[in-house]
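Student: Okay, sequence plus prediction incoming.
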Number of protein chains: 2
Amino acid sequence: MTLSRRDLMKNAGTLALGTGFAGLTLSLAGKATGAGEQPQIKIPDLPWPYKKLDPIAVAEEAYRGYYKGACGYGVFESIIIQLQKEIGFPYTMLPLTLFVVGQGGVADVASVCGALNGAAHAIFLVTGGMDKKPREASYAIIQDVFLWYEQTALPDYRPKAPKYEIVKSISGSNLCHVSVSKWCKVSKFKSFSKERSERCAWITAAVAKHTVEVLNTYADGAFKITHPLSAVAQSCRGCHDKGSKLENTRAVTDCGGCHFTPTMKQEHPKL
Amino acid sequence: MTLSRRDLMKNAGTLALGTGFAGLTLSLAGKATGAGEQPQIKIPDLPWPYKKLDPIAVAEEAYRGYYKGACGYGVFESIIIQLQKEIGFPYTMLPLTLFVVGQGGVADVASVCGALNGAAHAIFLVTGGMDKKPREASYAIIQDVFLWYEQTALPDYRPKAPKYEIVKSISGSNLCHVSVSKWCKVSKFKSFSKERSERCAWITAAVAKHTVEVLNTYADGAFKITHPLSAVAQSCRGCHDKGSKLENTRAVTDCGGCHFTPTMKQEHPKL
């Protein structure tokens, strides 16, 4: 049995990449490749290429995504699905459902806000890497998004076809637990109400939009920190964080949400 | 020009998957596929198949992984790299460097412990899914691992060739900020010392080991919750969480670390 090169191309039914036969392998075009079958494709290392995206289109997709796979999925998927359209491989290789786990502060534990966790993963994918330089550059962007989130009255994006109108609140924290509690206090809605769920859908849209705006700025080589740590928290770090006298903790967040709040009668120990 | 099927197999230099020519496509065997080139492989949806792993081998790999890519990477990579060996595809398609971002409570922000974030992603990958049933089943496992972490004196695994000996502490929280602060208080070491870094390497090993033990139990169909929320926190939830009178927050964690601690003079408002 012989096959001409032309027959082979026709039979393949897929785009020939022009690499000649040396690179030929068998794969399962048009259906899911099963576990245990070993396709010969290597995934490139980080950072993956980024193409500037439309923040509004991403925000609308994130809002829809929230109602499918919650906050973490909503942010991550809304960005990656656009990059799948614009760039394709390797974005098409990601199991997007994995990022559902960010839901409700990781698996409904109410730890780090899922929208932020999804944003952090998306940002690191396109700016980060194992080496110190891309790692630290990426962390600077992620920290700026986290501090924007805790310092800004959110949600600051209204989806085009919302279920309810949503009031804004300032979380003062990157935690789902605090962010939800603060919004419940301002809105008077319960923490498992449909309105709170809608609020988190708006938050998902707002975080996705802001993330893309920041990434677009980064792509232009124009990224700079816009949300530094508050002066009060900087002062706390002066005694407690890296390189300080006590150096007994670490954090890039406001401290006052948990420590020495006005409702606490506790004061800072004498210096 | 003609090529026999035998020639083709030889030229391909890769494992033929026995699907005949209908599935033929061109890919770039033996080197990284570049961005923009579109291989015809579909990644299966979650959950991905799991094969029981050796918890000690995973723990040792996690300890090494910590010194390469920090806590989140250490836990995630140590499990996935074993599944790459045991199962191969689709685990070979994951960009493992992405999970570096869990470092120091997400990009050094000191929010959710990176070891836990990595564990949550690994657990969801092999047990979760978009549908309610696998999603909730997976969350139950993840929550049990989170509560084990905050209730247990850790690290409870000593790597075979450690740099230093490490004392244990109980975090009472899933947060990097709290976990590190508590350990600094017990050990008297600084939060950016080499000893604290070693402690987090041990934590990474301990979380990876425990995660695999739990997943092995799940694979045997014998998973059950071993670390329920404390009775005190259950009592708090009775008024503040889902389905309660106030329903003004959400959390699956101990409350006493931040609210109404012995050092606070604040008491709970009158009921």
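Tutor: Yep, it's here. Since this is a predicted model, take the numbers as computed values, not measurements.
Student: use CA for all of it now, contacts and neighbours both
Tutor: Will do.
Student: pLDDT weak spots in chain A?
Tutor: Within chain A, the segments meeting pLDDT under 70 span A:1-37, A:261-266.
Student: run the last query once more with 80
Tutor: Scanning chain A for pLDDT under 80 picks out the ranges A:1-40, A:260-267, A:269-271.
Student: which residues of it fall in helices?
Tutor: Taking DSSP state H as the test, the helices found in chain A are A:5-12, A:55-86, A:114-127, A:132-151, A:176-187, A:194-219, A:231-240.
Student: orientation of the last one relative to helix B:176-187 in degrees?
Tutor: Taking axes from the mean of the first three to the mean of the last three Cα atoms, to 10 degrees, one finds that helix A:231-240 is oriented at 30 degrees with respect to helix B:176-187.
Student: Can you mark which positions in helix A:231-240 are buried?
Tutor: A:Q234, A:R237, A:H240 (16 or more other Cα atoms under 10 Å in any protein chain shown).
Student: Which member of the residues you listed is positioned nearest chain B?
Tutor: Closest approach between the buried residues of helix A:231-240 and chain B, by Cα to the nearest Cα: A:H240, at 8.8 Å.
Student: That closest one against A:A251, yeah?
Tutor: No. The criterion here is Cα atoms under 8 Å, and A:H240 misses it with A:A251 at 9.4 Å.
Student: ok, back up a step: would you turn the buried residues of helix A:231-240 into TSV with distance to B:A137?
Tutor: Converted to TSV, those look like this (distance: Cα to Cα, whole Å):
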residue	distance to B:A137
A:Q234	41
A:R237	40
A:H240	40
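Student: Any chance of CSV for these, columns distance to chain B?
Tutor: Converted to CSV, the buried residues of helix A:231-240 look like this (distance: Cα to the nearest Cα, whole Å):
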residue, distance to chain B
A:Q234, 14
A:R237, 12
A:H240, 9
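Student: looking at the helices of chain A, which is buried most?
Tutor: Stretch with highest mean neighbour count among the helices of chain A: helix A:114-127 (a mean of 27; mean count of other Cα atoms under 10 Å in any protein chain shown).
Student: ok and that one relative to helix B:114-127, angle-wise?
Tutor: Going by the same axes, to 10 degrees, helix A:114-127 makes 90 degrees with helix B:114-127.
Student: Quickly list the domain ranges of chain A.
Tutor: The record's domain parsing of chain A by automatic domain parsing lists A:55-219, A:229-271.
Student: Quickly note the distance from the closest residue to A:K52 other than its chain neighbours to B:E136.
Tutor: In space, and not counting its chain neighbours, A:K52 is closest to A:N216: 5.2 Å by Cα to Cα, 6 or more residues apart in numbering or on different chains. For A:N216, the distance to B:E136 equals 36 Å [Cα to Cα, to the nearest Å].
Student: do the same with A:K190
Tutor: 22 Å.
Student: Pull the contacting residues for the closest residue to A:R199 other than its chain neighbours.
Tutor: Once flanking residues are discounted, A:R199 sits nearest to A:I166: 6.0 Å by Cα to Cα, 6+ apart. A:I166 sits next to A:P155, A:E195, A:E198, A:R199 when contact means Cα atoms under 8 Å, 6 or more residues apart in numbering or on different chains.
Student: With A:A120 instead?
Tutor: The contact partners of A:A120, taken as Cα under 8 Å, 6+ apart, are A:I142, B:V101, B:V106, B:A107.
Student: how many neighbours does the second one have?
Tutor: Applying the criterion other Cα atoms under 10 Å in any protein chain shown, we find 33 residues in the vicinity of B:V101.
Student: do the third one as well
Tutor: Other residues lying near B:V106 total 28 when counted by other Cα under 10 Å.
Student: surely it meets B:A115?
Tutor: No. Counting by Cα under 8 Å, B:A115 is not a contact partner of B:V106; they are 10.1 Å apart.
Student: Quick one: name the residues of the stretch 101-250 of chain A near chain B.
Tutor: Residues of the stretch 101-250 of chain A found near chain B (Cα under 8 Å from any Cα of the partner chain) are A:101, A:106-112, A:117, A:120-121, A:124-125, A:128-130, A:138-139, A:142-143, A:174-175, A:177-178, A:180-181, A:184-185, A:189-192, A:241-243, A:246-250.
Student: Farthest-apart pair in the contacts of A:A120, please.
Tutor: Farthest-apart pair in the contacts of A:A120 is A:I142 and B:V101; separation 9.3 Å (Cα to Cα).
Student: what is in contact with the two at once?
Tutor: Counting by Cα under 8 Å, 6+ apart, the shared contacts of A:I142 and B:V101 are A:A120, A:F124, B:A107.
Student: Next up, the contacts around the residue nearest to A:A107 when sequence neighbours are not counted.
Tutor: Among residues not flanking A:A107 along the chain, B:Y139 sits closest, at 4.9 Å (Cα to Cα, 6+ apart). Neighbouring residues of B:Y139 by Cα under 8 Å, 6+ apart: A:V101, A:A107, A:D108, B:F124, B:G128.
Student: which residues touch the third one?
Tutor: By that I understand A:D108. B:Y139, B:A251, B:V252.
Student: Please apply the same query to the first one.
Tutor: Going by Cα under 8 Å, 6+ apart, A:V101 touches A:G72, A:Y73, A:A107, B:A120, B:H121, B:F124, B:Y139.
Student: and if you look at the last one?
Tutor: Shown here is B:G128, whose contacts under the criterion Cα under 8 Å, 6+ apart are A:L98, B:L46, B:P47, B:P134, B:R135, B:E136, B:A137, B:S138, B:Y139.
Student: how about a cut-off of 7 Å?
Tutor: By Cα atoms under 7 Å, 6 or more residues apart in numbering or on different chains, the contact set of B:G128 is B:L46, B:P47, B:P134, B:R135, B:S138.
Student: got the phi/psi numbers for the first one?
Tutor: Pointing back at B:L46 there. Phi and psi for B:L46, reported as degrees, to the nearest 10, are phi -70, psi 160.
Student: ok, now how distant is the nearest residue to A:V106 once chain neighbours are set aside from A:Y66?
Tutor: Spatially, and ignoring its direct neighbours in sequence, A:V106 is nearest to A:G114 (6.4 Å; Cα to Cα, 6+ apart). A:G114 is 10 Å from A:Y66, where distance means Cα to Cα.
Student: just A:V252 next, same as before
Tutor: Where A:Y66 is concerned, A:V252 sits at a distance of 27 Å (Cα to Cα).
Student: circling back: turn the domains of chain A into JSON lines, including distance to A:I41.
Tutor: Shown next, in JSON lines, are those (distance: least, Cα to Cα, whole Å):
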{"stretch": "domain A:55-219", "distance to A:I41": "10"}
{"stretch": "domain A:229-271", "distance to A:I41": "39"}
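Student: Which stretch among those approaches B:K42 most closely?
Tutor: Taking Cα to Cα, domain A:55-219 is the member of those nearest to B:K42, at 7.1 Å.
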